[in-house]
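**Q** sequence unavailable; structure follows:
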């Protein structure tokens, strides 16, 4: 017997797309100057909505969270790419002007993050 259920969504690509749509919706509406959204985001922070909407997808059983490998893919591929893109905007001249202690702390933190991401757990 073939089960004809569309829920829960088990394809990790579709789940990632749903999460991206949720985040896009939050960022689009939070930057809107419409009266409803402006009042809504003056009460509820946008960051909270970025966490709440994907959590609701999992809580309502829309996505197949227990069998998903999305966390593994995100932590191994998306996180390092996001960290590299984030460090591209660092003002290195200003960082060097902070002194040797700050530079050592920056390099130690960077090395720790790289080690944690690449270390096989």
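**A** Yep, that arrived. Just so it is clear, the structure is predicted and the values come from calculations on it, not from any experiment.

**Q** can you list the domains in the protein?
**A** Split into domains by automatic domain parsing, the chain comes to 1-68, 69-121.

**Q** as CSV, those with mean pLDDT and mean neighbour count would be great.
**A** From N, CA and C alone the C-beta is placed, and that goes for glycine too. As requested, the domains of the chain are exported to CSV (pLDDT from 0 to 100; neighbours: other CB atoms under 10 Å):
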stretch, mean pLDDT, mean neighbour count
domain 1-68, 86, 13
domain 69-121, 84, 11
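
**Q** hmm, who's touching stretch 58-76?
**A** For stretch 58-76, contacts defined as CB atoms under 8 Å, 6 or more residues apart in numbering pick out 7-10, 12, 15-16, 18, 57, 117.

**Q** in helices, which of these fall?
**A** Of the contacts of stretch 58-76, the ones assigned to helices by DSSP state H are 12, 15-16, 18, 57, 117.

**Q** need those in CSV (columns: distance to residue 79).
**A** Formatted as CSV, the ones in helices among the contacts of stretch 58-76 follow (distance: CB to CB, whole Å):
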residue, distance to residue 79
12, 16
15, 17
16, 13
18, 19
57, 20
117, 6
